[in-house]
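> just a sequence and a predicted model for now, questions to come.
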Amino acid sequence: MSRGRSKSPIPENGILPSRVPPWRDPEKRALAFQLIVLLLVGTLSYILFSNTQANLERQSIATGFGFLDKEAGFEIGESLVDYSAADNYARALLVGALNTVKVSFVGIIFTIVIGAIIGIARLSSNWLVAKLAAIYIEVMQNIPVLLQLFFWYAIFYESFSSPRQALNPVSGVFLCNRGLIFAVPEAHAAHAWMGWAFLAALVIGYGLHRWGGKRQEQTGRSFPAVRIMIALCLLLPLAVWLGFGAPLNWDMPVLRGFNFSGGVTVSPEFSALLLGLVLYTGAFVAEIVRAGIQSVGKGQVEAAMAIGLRPGQVLHLVVLPQALRVIIPPLTSQMLNLTKNSSLAIAIGYADFVAVTNTTINQTGQAIEGVALIMLVYLFFSLSTSVFMNWYNKKMALVER
Amino acid sequence: MKITRVVILMVGLVLVLGGVSHAGKDLDAVLKKGFIQTGVNGGVFGFGMPDEKGVWRGLDVDTARAVAAAVFGDASKVKFTPLTAQQRFTALQSGEIDLLTRNATRTLSRETQLGLNFVTVNYYDGQGFMVPKALGVKSARELDGATICVLPGTTTEQNAADFFRSNNMKWKPVVIESTTELAKTFFAGRCDVLTSDRSQLAGTRAIAPKPKDYVLLPEVISKEPLAPAVRHGDDQWRDIVDFSVLAMINAEELGITSKNVDQMLKSKDPVVQRFLGVVEGNGKALGLDEKWAYNIIKQVGNYGEVFERNVGVNTTLGLERGLNALWTKGGLMYSPPFK
Amino acid sequence: MSDQAKNPPRDYLKPPMTEVGVLGWLRSNLFNTWYNSLLTVLVALLLWQLAPPFLKWAFFDSAWNTAPEVCYESEGACWSVVSKNINFIIFGFFPDGQQWRPGLSMLLLLGLVFYSRDRNHWRRSLGVYWLIGLSVMGTLMYGGVFGMPVVETAQWSGLPLTFMLSFFGMVAAYPLGVLLALGRRSRMPAIKSLCVIYIELIRGVPLISLLFMSSIMFPLFLPEGVTIDKVLRAQAAIILFTAAYIAEVVRGGLQAMPRGQFEAADALGLTYNQTMRLIILPQALKIVIPPTVGILLSAFKDTSLVVIIALYDVLKTTKVSLSNPKWTGFSTEAYIFLAVLYFICCYAMSSYSRRLEKELHTGH
């Protein structure tokens, strides 16, 4: 530091030169530093890239995504879309991605429900319930989720019987080590229309909600929009169904040959993965919910009661909006964790995206493309979830006046 | 200047951490290191798995030990790297291991595209099906609609898919990475059928709660010659690995075992004398000590001994020799002359 | 007291029986409303249904140190699968007669961790103790002196490997995470965007994809003939992964620093390095200690994923023990044992983090 000064002594007239030497100028220093770092990163990437190129060539491993068009040649246990071994790799990967979406989506919904129940139970005035909830949270949080998955999967296939001795608690519902199989209504043209009716009900309900809100702001009279919306959502599809003459033919599962055919099957792999993820993540969500509820001051509740709100209104209008603001950011990261943890499916045989990609890598030898695909797909899930949650978070954020 | 220096430093660091092996001089590298780094399965009982004390056991493991005995005169000069199916070829290509003995099937594409040299087969296998007796299935062609547990492996899944497609049948796979987990799910009835190499099926049946309740179906839907592999580029190293396997087979043909090998040194038979290095020549040709074959047999045993010790009828696996019997006994194990 | 002594004894009303004592406690905590009573009864019934069979299975009918044949006969749990394989499960490939060495090392580690719990011990000397402790542990594990035979790193497996992966994962990830956090808060656009890309990229993908990368892609990155040990590669993946999460936690701490702190440091004429080192980081890192412990906790649990790339951590050694035909049927027992093992470690860490949180939360 002091060396620089001795080199450029203060001029005799005592006025410092306006030019600062470049190595003392913070802006130029920053620029140089950034250049160096960028160059380093660039060089490193170049070395890695050229090494990889050389290695791939030497080992004559194919590169590029050309393999996506080739026939996959392996079966996948469960799929949301039609798939057979004759389809190409792209289709197989799509099946895997959809399976990941399925388990994450269902998992997130169940996790929020379980988390809310346990979180509230943790605050219960009932000592036994509160303690049990606390024990649940501690145990689940402190055991690796992979170990829990192994455990649940073992429970699933070890404790249920074979299809021929399947449990049949209600007509049309079978429980065996092939999973839970239940009857669904046979496909009918009415179903599509019922779906549209449901959507229409949602749209109308939303419009009513907006209108009701505006009216309340202007006149002070409240409007039970939510209740009307729920009623609409139930009644409109029902009306459509009746309009079509109430078609109801059940697609009953029947034991044919080795397995049940017909109906819908929830496989043990899916159930074990779902259960493991939900119970594990639910414990974290429960803590978040508890913290959120506790963060709402007692005074808020008392004040709300004082101005004469009913208990339901206190919860709905005062406690929840404030608690949610605390809950949502950590909840988002837990949802993402659940999605990412669903990649452990590979350990218990659920055909998620990682498992399918793993098989693809095994067959084609194209590890780089495979791992890159895994990363891209999960990045897409993560980024889209956080974009959505940021939007929601902004909407719920405190509006200061 | 600064950057290049940093880069050189970093590369140097990587080299220090990694250590360089000269490709094409695999044997030199092995001799310099003083041991053979071998890739093994790590999870298949009888072929490559550590026991309760952490000592590696199995047919593949003993094959690697035989190579070590040939090269160093000491069967313990070998270190094992457990690898997944995914990692095994990359590990060999990149030089992480010198030798791969991990029940890998020899195929044309692996030999050419992956740049591997497979040597003499140390276990002949084929993919088959196992079902519970109670199902009453007699042939694999009756398996339409079945749920099938697929043991992990690269070719197994495809073979099964091919078989069912060519016979116009539908099936549902349950694929699990771990052999143990998969066997357990099968016994619990999660699937109707278990498919894998028949050696593994037999092994799996042996550990069933009631082994007699399960039958192997007669169909063999694929050929699986399992062989050790080295990478392209060092023919001498390839020869040594190849003849180490062959020496075990040859010893069985000649009736030489680890017990009688010392007496056999005094044998008057010129074939035996050449084999055990009493009459010199073979060792020099391979670039090894003349005692190399003697060391293999003394320290590891002949093929029959190794087979019986790891997977034979008196072990938990209880496998018959079958295809792996000597050619003189109806099998495929055949050694070229050692001269 | 003195009041009572002066006044003649009177008949004080005893508190009603139902407000104090066991009954009162029961009343106020279990049966205060009708639905709480109902809940209590239901939960108690459920426990009554579940607990006795479990206890019978786990303790009364169980086999503790027997041959597997005995287990096949018994109705209860077969803890023998753990006790008979305990050496391999805990120490993996570490040579038989030498297993006291990793055992002693782990005890030493526990001792150091235990000593470090007390915040009064957080002085410069603590770092010295850790350095000494770590070198002693390293020597113990590697050997080569005092007549201890050399045991190579490839043979370090089981519980020591789990501890090693998580410990070095934490220690190396921490400074890296702090650097990344500073980079993300930096005013230099290139540095900032590099750090943001890195952090978001890593946090957006599952750990398993990084482990895949380290195990099957990384060898392709290196020049021909150069190899890096498998364990080291997995360790690197864990470090890179954990660092991104630590960076986010530290960023939270940096953001919580009032502007005045920066301005005051600037006013004093401190350079950027001095400001960070002397003013900002000591405060920021202190307030994020509890969430950092949370990250470290999940890093510890996440090391179990290396089982998927065939590293012999304690989960893998357990699974290998279960691959032995003799013990195949007893995975539940083995997994419960592991669960208890992990639980003890994690619970100790998480309850410590809560205590710290309470201790550090003194300001308000």
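Received it, and whenever you're ready, just let me know what you need.
> how about the strands in chain A?
Remark: strands assigned in chain A by DSSP state E are A:173-176, A:179-182, A:184-185, A:250-251, A:254-256, A:259-261, A:264-266.
> what's the average pLDDT for the first one?
Read that as strand A:173-176. Averaged across strand A:173-176, the pLDDT comes to 79.
> follow-up on the earlier one: make a markdown table out of the strands of chain A and add mean neighbour count and distance to chain C.
Where C-beta positions appear, they are placed from N, C-alpha and C, glycine not excepted. Output for the strands of chain A, formatted as a markdown table (neighbours: other CB atoms under 10 Å in any protein chain shown; distance: least, CB to the nearest CB, whole Å):
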| stretch | mean neighbour count | distance to chain C |
| --- | --- | --- |
| strand A:173-176 | 19 | 20 |
| strand A:179-182 | 22 | 20 |
| strand A:184-185 | 13 | 32 |
| strand A:250-251 | 15 | 34 |
| strand A:254-256 | 13 | 28 |
| strand A:259-261 | 20 | 25 |
| strand A:264-266 | 16 | 23 |
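> could I get those strands in TSV, plus columns for distance to residue B:138?
Formatted as TSV, those follow (distance: least, CB to CB, whole Å):
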stretch	distance to residue B:138
strand A:173-176	24
strand A:179-182	27
strand A:184-185	35
strand A:250-251	32
strand A:254-256	19
strand A:259-261	19
strand A:264-266	27
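> which regions of chain B sit below the pLDDT cut-off?
Applying pLDDT under 70 to chain B flags residues B:1-24, B:151-154, B:180.
> longest helix in it, by number of residues?
Assignment by DSSP state H gives helix B:235-254 as the longest helix of chain B.
> tell me what the next helix or strand after that one is packed against?
Downstream of helix B:235-254, the next assigned helix or strand under DSSP states H and E is helix B:261-264. Packing partners of helix B:261-264 (3 or more CB pairs under 8 Å, 6 or more residues apart in numbering or on different chains; DSSP states H and E): helix B:270-276, helix B:292-299.
> ok, back up a step: nearest to residue B:216, out of the strands of chain A?
With CB to CB, the closest approach to residue B:216 among those belongs to strand A:259-261: 21.8 Å.
> quick check: the closest residue to residue A:317 other than its chain neighbours vs chain B, distance?
Excluding its sequence neighbours, the residue lying closest to residue A:317 (CB to CB, 6 or more residues apart in numbering or on different chains) is residue A:309, at 6.6 Å. Separation of residue A:309 from chain B (CB to the nearest CB, to the nearest Å) stands at 54 Å.
> and residue 82, how many residues sit next to it?
In the absence of a named chain, this looks at chain A. 8 (other CB atoms under 10 Å in any protein chain shown).
> if you could check chain C rather than the one you did, that'd help
With other CB under 10 Å as criterion, residue C:82 counts 23.
> ok, residue B:206 next?
18.
> tell me the residue of the stretch 301-401 of chain A that sits nearest chain B?
Nearest residue of the stretch 301-401 of chain A to chain B (CB to the nearest CB) works out as residue A:349 at 4.0 Å.
> apart from its neighbours in sequence, what residue is nearest that residue?
Residue A:349's closest residue in space is residue B:176 (CB to CB, 6+ apart), at 4.0 Å.
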